[in-house]
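Need a 3D model of the following:
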Amino acid sequence: MLSLCRYLLQITQRKDFKPLAQTRGFFPMDYVGTIIRPPSEAHSLLLQISLGCSHNGCTFCGAYRDKRFRAKPIETVLGDIEKARTLLPSPTSLFLADGDALALPQMHLLKILCAIKDKLPWVKRINSYASPRSLLQKTTNQLIRLRKLGLSRIYLGLESGADEVLCSVNKGACASQIIEGGKKALDSGLYLSTSIILGLGGKRYSKLHAQKTAEALSILRPQHIAALTLMILPETPLAHSYAGKEFLPLSSHEILQELKWLVAGIDVDKAQFHANHASNHLHLSGKLPRDKENFIHLIDRACAGKLPLMPDYMRSL
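Residues are numbered from 1 along each chain as shown. Next up is the predicted model:
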């Protein structure tokens, strides 16, 4: 039995899928392929300004395998912004898709943000994914300029603080580069949401992955930390490594141990911490360091069988 989330994911990946507004014809946004956004952007207007991911080489990711990274024509994007003026109710937040909109040239982004500001004045927050490379290629002044035109939040995938793990999954950046890019976003006044993936190092690197990731987060100090749990997707390089027994995944209880090492090792002044993604076995939500002891207590109870874990058939990305 498939969970509703997994069922909906399968539906959206069908070649004939179009967003509801497109199929009914009253809000014909130009969406190409499946649009992927963070869970927290569920109520945001999705404006697709680029296709795919600038790196698109992570072995665990199957999101953009069917897309070559490129900017959408500026005329198409401006046309979508014009169409969005007719949307009711008017959303106050907007997400720039696809996987690394910040990799687009600065002048391209400036034109888009100026158009949003002019045509959609009710939009108060504009958010985007960003790769370490795209952040490093922008100057701090360029990022400040984008922020002043409405860019608010950046979603940055740290995935792991261990270079051994980052190399094994072909992340395309080492931990120090990801930290440098994240710090540049913070120095520019942008809100930084960082994601990590439990179980990404498999059995070989589990403790190292947890400890080094906690260290990296303690150096970076993002405002928001999102912990997901690895799910091996079909037809990805990681799936082939798993099939060949080169990658040994963790059990649910080993994932909990890794989560405990991670939480215990994070040393930040103040950060939202969420492990409540649909992929997680145990859902945690709160603030660090305030809720650290409670998180550890809940993890210990789950390990002892006193709290139920999310069954695998209900987990999804």
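
low-confidence ranges in this structure?
Along the chain, the parts satisfying pLDDT under 70 run over 1-27.

What's the local residue count around residue 38?
By other CB atoms under 10 Å, the residues close to residue 38 number 17. Bear in mind the C-beta positions are built from the backbone N, C-alpha and C, glycine included.

again with residue 30
Neighbours of residue 30 (other CB under 10 Å): 14.

and the gap between residue 262 and residue 229?
Using CB to CB, to the nearest Å, one gets 12 Å for the distance from residue 262 to residue 229.

got any residues that touch both of the two?
residue 198 (CB atoms under 8 Å, 6 or more residues apart in numbering).

ok, now which ones touch residue 111?
Counted by CB under 8 Å, 6+ apart, residue 111 has contacts 74, 78.

hey, C-alpha coordinates of the helix or strand where it lies in CSV?
If you go by DSSP states H and E, residue 111 is part of helix 106-119. What follows is helix 106-119 as a C-alpha-only set of coordinates in CSV (Å, rounded to 0.1, in the frame of the first residue of the first chain):
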residue,chain,number,x,y,z
GLN,A,106,23.2,38.5,-12.0
MET,A,107,21.5,40.7,-14.6
HIS,A,108,19.0,37.9,-15.4
LEU,A,109,18.1,37.6,-11.7
LEU,A,110,17.8,41.4,-11.2
LYS,A,111,15.3,41.7,-14.1
ILE,A,112,13.2,38.9,-12.6
LEU,A,113,13.2,40.3,-9.1
CYS,A,114,12.5,43.9,-10.3
ALA,A,115,9.5,42.5,-12.3
ILE,A,116,8.2,40.6,-9.3
LYS,A,117,8.5,43.8,-7.2
ASP,A,118,6.7,45.8,-9.8
LYS,A,119,4.0,43.4,-10.9
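
If you count neighbours, what's buried in it?
By 16 or more other CB atoms under 10 Å, the buried positions in helix 106-119 come out as 108-109, 112-113, 115-116.

What of stretch 57-72?
Quick answer for stretch 57-72 (16+ other CB under 10 Å): 58-64, 67, 69, 71-72.

what do you get for stretch 126-137?
Neighbour counts over stretch 126-137 (16+ other CB under 10 Å) mark 126-135 as buried.

returning to what we had before: which element follows the helix holding residue 111 toward the C-terminus?
Counting by DSSP H and E, the element after helix 106-119 in chain order, helix or strand, is strand 125-130.

strand partners of that following strand, parallel vs antiparallel please.
Sheet pairing of strand 125-130 (DSSP bridges) gives strand 93-97 (parallel), strand 151-159 (parallel).

now residue 82, nearest residue through space, not along the chain?
In this structure, residue 82 finds its nearest non-sequential neighbour in residue 119, 6.3 Å apart by CB to CB, 6 or more residues apart in numbering.

So the one you found sits against residue 86, correct?
No - assessed by CB atoms under 8 Å, residue 119 is found out of contact with residue 86, at 10.9 Å.

anything in contact with each of these two?
Counting by CB under 8 Å, 6+ apart, no residue touches both residue 119 and residue 86.

For the top helix by length along the chain, give me every contacting residue.
For the chain, the longest helix by residue count, based on DSSP state H, is helix 202-220. For helix 202-220, the external contacting residues (CB under 8 Å, 6+ apart) are 158, 160-165, 168, 175, 178-179, 182-183, 186, 192, 194, 196, 199-201, 225, 247-250, 254, 257-259, 261-268, 271.

Off-centre distance for it?
Here the centre of helix 202-220 is set off from its chain's centre by 18 Å, with CA atoms, centre = their mean, to the nearest Å.

So in that sheet, which strands flank the helix or strand following it, and in what orientation?
Downstream of helix 202-220, the first helix or strand assigned by DSSP H and E is strand 224-229. Paired strands of strand 224-229, with direction, are strand 191-198 (parallel), strand 271-274 (parallel) (DSSP bridges).

Let me know which of those is the nearest to residue 292.
For residue 292, the closest of the strands paired with strand 224-229 is strand 271-274, at 8.6 Å, according to CB to CB.
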